[in-house]
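S.K.: Predicted model and sequence below, questions to follow.
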Amino acid sequence: MLDRARVLDAGDPLEEYRERFLVPEGVIYLDGNSLGCLPKATPARIEQVVREEWGQDLIRSWNSAGWIDMPARVGAKIAPLIGAQPHEVIACDSTSVNLFKLISAALALRPDRKVVLSEPGNFPTDLYMIEGLEKQGLAERRLAERGKLVEALDDGVALLLLTHTHYKTGELFDMGELTRAAHDAGALVLWDLSHSGGALPVDLNGCGADFAVGCGYKYLGGGPGAPAYAFVAERHLEAAQQPLTGWMGHAAPFAFSDDYAAAPGVEKLLCGTPPILGLAALEVGVDLIAEIGVERLYAKAQKLSEFFRQCLAENGVTLDLVSPADPARRGSQLSFRAGQAYAICQALIARGVIGDFRDPDILRFGFAPAYLRFEDVAEAARHLAEVLETGEWQREEFRERAAVT
Ligand SMILES: Cc1ncc(COP(=O)(O)O)c(C=O)c1O
């Protein structure tokens, strides 16, 4: 398999981009879907922001270095990756906070409806944010299994909130079909793009989506705790209101008025002072992903994940695949169900193969194609086969759970 992998790497049009990321020596990184690798240009950019813009120019940098425009500027760069117009996207806060703002905005746009429909097993924060609004009497949470979502769309539903690429299984929703079904029922749609943005082509406007959110620290390579992004379709920009009415979302923050007046555009989603260091790092990641192009990235990710399956088969590994077998129906990851998935994952990490575990029994491998080679994939499959064959995962040290799993 290694020979075949090397041939595939030699013909890979994205091969040159691996050099633009810091991939630690001896590590095969199959977790770029959780925390993307560091772009090599990021440390120098952060140093410039810290030493020059902050260190020397101090508060003047809000104007001279364009700090004040960074949420909109970085949002505008994310926009083409997700099929949005530049003025429809802003980079700010966490995905969770943006969910809160946009679920609230959707409910306010449908005042005669209260139900927020989602699926059981959606990413927890999406469900918790609905629950938080429910506890305040502002929403009613309804969950329906994937196949039953359309029939659950009755005239009480204000919003359909779904994660485009499922975080555990990698399964994709048909964004166009579900958006249409929700609109037919008079509901709005909010897509969580955390595992899609920067990984695969997304066409929010082509699908008629109303709202979207997504993470900056996964495929976009913005670094730990990077700002997230939020999308509001142009047709809602004027009417949409969000409840976190902080001063940065004001139409004229520096007028210091006693009364709130929302900014007319997507800036109304801002709340407090933007985190400039985080935005600077995110911008480097977004620029790099945009340069490579999401179409090419997704095409390679599909090849990598299929190659991984072939390598597992050739190594005699028969784990239960929980991701769709058809690569067109999944994002850039593969997940397998395995008893003792946690210990297996830890044993792999000890060998330098970093994937992750999702409770209770999922082994998840992300294929971030900007820096992953076919050779890495072949080697990862070999290591997994050896960990299973030798029973290495049974060692006591691999059972102990850390705070972050
Ligand atoms: C689908 C999805 N939504 C939301 C989040 C959480 O985002 P944040 O930590 O920015 O609130 C994650 C994190 O992994 C996620 O996978």
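M.R.: Yep, it's here.
S.K.: Only C-alpha atoms from now on, for both contacts and neighbour counts.
M.R.: Fine.
S.K.: Quickly list the domain ranges of this structure.
M.R.: 2-30+293-398, 43-291 (automatic domain parsing).
S.K.: mind putting the ones you listed in CSV, mean neighbour count included?
M.R.: CSV is the format used below for those (neighbours: other Cα atoms under 10 Å):
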stretch, mean neighbour count
domain 2-30+293-398, 19
domain 43-291, 20
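S.K.: what about N205, helix or strand, and which?
M.R.: helix 204-207 (DSSP states H and E).
S.K.: rewinding a little: list just the one of the domains of the chain that sits closest to the ligand.
M.R.: Nearest of those to the ligand, taken as Cα to the nearest ligand atom: domain 43-291 at 3.6 Å.
S.K.: Residues touching the top helix by length along the chain, excluding its own?
M.R.: Ranked by residue count under DSSP state H, the longest helix found in the chain is helix 294-314. Helix 294-314 is contacted from outside by 1, 14, 81, 198-201, 318, 327-328, 332-334, 367-370, 373-374, 377-378, 381-382, 385, using Cα atoms under 8 Å, 6 or more residues apart in numbering.
S.K.: starting at the chain centroid, how far to that helix?
M.R.: 19 Å (Cα atoms, centre = their mean, to the nearest Å).
S.K.: Output that helix as CSV, restricted to C-alpha atoms.
M.R.: Provided in CSV are the C-alpha atoms of helix 294-314 (Å, rounded to 0.1, in the frame of the first residue of the first chain):
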residue,chain,number,x,y,z
VAL,A,294,-12.6,24.0,-1.3
GLU,A,295,-13.4,22.0,-4.5
ARG,A,296,-9.9,20.7,-4.7
LEU,A,297,-9.8,20.1,-1.0
TYR,A,298,-13.0,18.1,-1.0
ALA,A,299,-12.0,16.1,-4.1
LYS,A,300,-8.7,15.0,-2.3
ALA,A,301,-10.4,14.4,1.0
GLN,A,302,-12.8,11.9,-0.7
LYS,A,303,-9.8,10.1,-2.3
LEU,A,304,-8.0,10.0,1.0
SER,A,305,-10.9,8.6,2.9
GLU,A,306,-11.6,6.0,0.3
PHE,A,307,-7.9,5.1,0.2
PHE,A,308,-8.0,4.7,4.0
ARG,A,309,-10.9,2.2,3.7
GLN,A,310,-8.9,0.2,1.1
CYS,A,311,-5.8,0.2,3.3
LEU,A,312,-7.9,-1.0,6.3
ALA,A,313,-9.4,-3.8,4.2
GLU,A,314,-6.0,-4.9,2.9
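S.K.: going forward, begin numbering at 14 instead of 1
M.R.: With 14 as the first residue, the last one maps to helix 307-327.
S.K.: chain center to the helix or strand just after that helix, what's the gap?
M.R.: The helix or strand immediately downstream of helix 307-327 is strand 333-334, counting by DSSP H and E. Distance of strand 333-334 from its chain centroid, counting by Cα atoms, centre = their mean, is 23 Å.
S.K.: ok, now stretch 233-245?
M.R.: Relative to its chain's centre, stretch 233-245 lies at 8 Å (Cα atoms, centre = their mean).
S.K.: still on that earlier bit, could the domains of the chain go into a markdown table alongside distance to the ligand?
M.R.: Shown next, in a markdown table, are these (distance: least, Cα to the nearest ligand atom, whole Å):
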| stretch | distance to the ligand |
| --- | --- |
| domain 15-43+306-411 | 11 |
| domain 56-304 | 4 |
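S.K.: what's the model's confidence in stretch 230-243, averaged?
M.R.: The pLDDT scores in stretch 230-243 average 98.
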